[in-house]
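Visitor: Quick one, fold the following:
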Amino acid sequence: MKKVRIIGVPEHFNLPWHMAIEESAFKERGIDLEWTDIPEGTGKMCQMLAADETDLAIILTEGIVKSISEGNKTKIVQQYISSPLLWGIHVAATSKYKIISDLKGTKAAISRFGSGSHLMAFVNAQNENWSTDELKFEVINNLDGAVNALNNGQADYFMWERFTTKPLVDNGTFRRITDCPTPWPCFVIAATDKFISENKGLLQHITEVINLYTEEFKSIPSIDKTLANTYEQKIEDIKEWLSITRWSQSEIDEITLKKIQETLLRLNLIKTKLSPENILYKK
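Guide: Model prediction:
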């Protein structure tokens, strides 16, 4: 049995992995897949990949592209979620800010630099024609940190996956001002160069298993109830989320990669574009 380390956020997107692990689908192929939740998100996962603290990660596309461009010896294996991520833009429920234009020049809470919450603040600023030079940030590590920062005035707004934060909107902790979708497929499977070079066959087995699970995921009977119970969500929110979420079994195409790199370059988040072979793992 070969042990493989994998990390991802503790969110509803990743239930197929947990189901496959619980049903011993990887063990049947001789793989002991050890999952670790990383609530801090993509910035932390990039650090863990670079430090060889994991073999695989289910990670935000723009975050890992930026990290690879900075020297992280990792490749994107394939898409995992091909639909955009819907980032909710949140303020404290008692905040004086009411509409998106009110947030110009205010401070964003981010899990860490290089995280999705950091990078999407730039995308949102571009959408609103704000100067990205004027963006200000407060590092809060995770969702609990965001709650504290927004309620004690350390930061003014927080961007996080809309449905994950929905319970905090419902209970009056946050107020959602609007949404900001990613302009590309949101999650990919990434693997370290070391793992790829030593375990091409294993990697193929892992992607074959998870692709079987994601292909059939939406058709599982009562999957909406399972998701709602597992992630403490309202059933109507889960149904809405399922309706806009598409899992993928395909490699990311070079046109999409070009768009991501050009956007990051335009926002001064990367210094140069890399060729696709430096970012994508070609089977």
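
Visitor: Need the three-state assignment for the residue nearest to Trp35 when sequence neighbours are not counted.
Guide: Leaving aside its sequence neighbours, Trp35 sits nearest to Ile6 (CB to CB, 6 or more residues apart in numbering; 5.4 Å). All C-beta spots, glycine's among them, are computed from the backbone N, C-alpha and C. Secondary structure state of Ile6, per DSSP: H, G, I helix; E, B strand; the rest coil, is strand.

Visitor: ok, now which ones touch Ile6?
Guide: 17, 33-36, 54-58 (CB atoms under 8 Å, 6 or more residues apart in numbering).

Visitor: And it, how close does it get to Pro185?
Guide: 19 Å (CB to CB, to the nearest Å).

Visitor: Please, a PyMOL command that selects the buried ones among the contacts of Ile6?
Guide: Restricted to buried positions by 16 or more other CB atoms under 10 Å, the PyMOL selection for the contacts of Ile6 reads:
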select buried, resi 17+33+35+54+55+56+57+58
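
Visitor: Give me the subset of the contacts of Ile6 lying in helices.
Guide: Assigned to helices by DSSP state H, the following of the contacts of Ile6 qualify: Trp17.

Visitor: how about the contacts of Ile6 in JSON lines, adding distance to Thr272?
Guide: JSON lines is the format used below for the contacts of Ile6 (distance: CB to CB, whole Å):
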{"residue": "Trp17", "distance to Thr272": "33"}
{"residue": "Leu33", "distance to Thr272": "35"}
{"residue": "Glu34", "distance to Thr272": "35"}
{"residue": "Trp35", "distance to Thr272": "34"}
{"residue": "Thr36", "distance to Thr272": "32"}
{"residue": "Thr54", "distance to Thr272": "26"}
{"residue": "Asp55", "distance to Thr272": "27"}
{"residue": "Leu56", "distance to Thr272": "26"}
{"residue": "Ala57", "distance to Thr272": "23"}
{"residue": "Ile58", "distance to Thr272": "27"}
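
Visitor: Closest one of the contacts of Ile6 to Gln204?
Guide: Within those, distances to Gln204 taken as CB to CB reach their minimum at Leu56, with 12.8 Å.

Visitor: what's across from the closest one in the sheet?
Guide: As for beta bridges, Leu56 partners with Ile6, Ala191 under DSSP bridges.

Visitor: longest single helix anywhere in the protein?
Guide: Longest helix in the chain, counting by DSSP H: helix 200-216.

Visitor: List the buried residues of it.
Guide: For helix 200-216, the neighbour count (16+ other CB under 10 Å) marks 202-203, 205-207, 209-211, 213-214 as buried.

Visitor: Just name whatever secondary elements it is in contact with.
Guide: In terms of contacts (3 or more CB pairs under 8 Å, 6 or more residues apart in numbering; DSSP states H and E), helix 200-216 is packed against strand 2-8, helix 15-22, strand 31-37, strand 74-81, strand 187-192.

Visitor: Check which residues of the second one are buried.
Guide: So the one you mean is helix 15-22. 15-17, 19-21.

Visitor: Distance to Met1 and pLDDT for the contacts of Ile6 - can I get that in CSV?
Guide: Converted to CSV, the contacts of Ile6 look like this (distance: CB to CB, whole Å; pLDDT from 0 to 100):
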residue, distance to Met1, pLDDT
Trp17, 18, 98
Leu33, 10, 98
Glu34, 11, 98
Trp35, 15, 98
Thr36, 18, 98
Thr54, 18, 98
Asp55, 15, 98
Leu56, 17, 98
Ala57, 21, 98
Ile58, 22, 98
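
Visitor: nearest to Tyr281, of the contacts of Ile6?
Guide: Using CB to CB, those come closest to Tyr281 at Leu56, 11.3 Å.

Visitor: Name all residues that make contact with the closest one.
Guide: Counting by CB under 8 Å, 6+ apart, Leu56 touches 4-7, 77, 189-192, 195, 206.
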